[in-house]
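Chemist: This is the structure alone, sequence omitted:
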C-alpha cells in the first residue's frame with residue numbers, strides 16, 4: 001500500500017529549500033569526502049572565511065578552533081544553523097557582493113556550491129582573492145546532472161528540464177586563461193536525504209517546477225520517488241550520486 005495520499009495535488013509544500021538541502025548535507029558523506037582533499041591541498045588553512053556558508057558543515061570541519069572563522073550567509077535560517085554550531089563563526093549577514101569584510105583579512109577563503117560560480121565567476125573569484133591572504137578554495141559541482149532544484153537528480157530530465165552541463169565546465173569557461181586554478185582534484189560522494197514525508201517532498205518539487213494543481217504528473221512523481229527511496233525507520237532515504245571539484249588558487 002502506498003504511504004502517500006492518493007491526491008498529492010491537494011497538498012501544499014511547506015519546505016524551506018535551504019533547510020532541505022542543509023539537512024541532506026547533514027546526512028550525506030559530503031564533508032567526509034571533501035574535507036580531507038581540501039586539507040591535503042591547503043594544510044595551513046589558518047583563519048577561514050566561508051562565503052555562502054549555508055549550514056556551515058564544511059567550513060566548521062576545516063576551521064581552526066584556535067583561530068575562529070567567519071561565515072558570509074544571507075539566509076536567516078542558515079544563520080540560525082551557523083549560530084548553533086559547537087564552534088560558531090562570526091556571521092556576516094549579507095550576500096557576497098555587499099559583505100563588509102576587510103581585504104586580506106583571512107588566510108583561506110572557501111566557497112562551496114555558489115550560484116556565483118555560474119553567473120559571475122570572474123567577479124566572484126576577484127572578490128574571494130581580495131579577502132584571502134594565502135588561498136582561495138572553491139568546491140564546484142562536476143557531475144553531469146541538475147544543479148538547481150534539490151532532489152531533481154531523482155527525477156527524469158523531461159520533468160525538471162534543467163541544464164545538465166557539469167558546473168565545473170561553466171565556472172571555468174567563465175574565467176580568463178590566466179585565472180585558472182593552480183590545483184584541481186575531484187571527489188565522488190553521495191547526496192543522501194532522509195525524508196519523513198514523500199508526499200510533502202513530491203508536492204514541494206511539483207510546486208517548484210510550476211506544475212498546476214491538477215497536473216497528473218504530481219501523482220506519478222509521488223509514486224516515482226517512493227520507488228526510488230529506501231526505508232530508514234519511519235522515514236525515506238533518497239541517494240543521488242554526486243561529483244565535486246576542489247579548485248585552489250594560491251595568492252602571489
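Modeler: Done, it's in. In this text the structure is predicted, and so the values were computed from the model without any measurement. Numbering: from 1, shown residues only.

Chemist: can you give me the helices for the stretch 1-150 of the chain?
Modeler: 17-27, 30-41, 57-62, 76-83, 116-119, 121-131 (DSSP state H, counting those that start in this stretch).

Chemist: Out of these, the one nearest residue 173 is which?
Modeler: Smallest distance to residue 173 across those (C-beta to C-beta): 8.2 Å, for helix 121-131. C-betas here are computed from N, CA, C, even on glycine.

Chemist: buried residues in the closest one?
Modeler: Neighbour counts using 16 or more other C-beta atoms under 10 Å place 121, 124-125, 127-129, 131 of helix 121-131 among the buried residues.

Chemist: and what of stretch 240-252?
Modeler: 240, 242-249.

Chemist: What of stretch 62-77?
Modeler: Using 16+ other C-beta under 10 Å as the test for burial, stretch 62-77 gives 62-63, 69-73, 75.

Chemist: Quick check: mean pLDDT of it?
Modeler: Averaging pLDDT along stretch 62-77 gives 96.

Chemist: And the contacts of it?
Modeler: With contacts defined as C-beta atoms under 8 Å, 6 or more residues apart in numbering, stretch 62-77 is touched by 16, 18-19, 35, 38-39, 45-54, 56, 59-60, 79, 82, 87, 89-96, 99, 101, 106, 108, 110.

Chemist: try stretch 135-144
Modeler: By C-beta under 8 Å, 6+ apart, stretch 135-144 touches 34, 38, 41-42, 58, 107-114, 117, 125, 128-129, 147, 164-168, 171, 181, 186, 241-251.

Chemist: how far away is residue 211 from residue 149?
Modeler: 12 Å (C-beta to C-beta, to the nearest Å).

Chemist: Tabulate the buried residues of helix 121-131 in CSV, adding columns for distance to residue 159 and pLDDT.
Modeler: Below are the buried residues of helix 121-131 laid out as CSV (distance: C-beta to C-beta, whole Å; pLDDT from 0 to 100):
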residue, distance to residue 159, pLDDT
121, 28, 96
124, 30, 97
125, 34, 97
127, 35, 97
128, 35, 97
129, 39, 97
131, 39, 97
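
Chemist: What is the nearest of the residues you listed to residue 221?
Modeler: residue 121 (33.1 Å).
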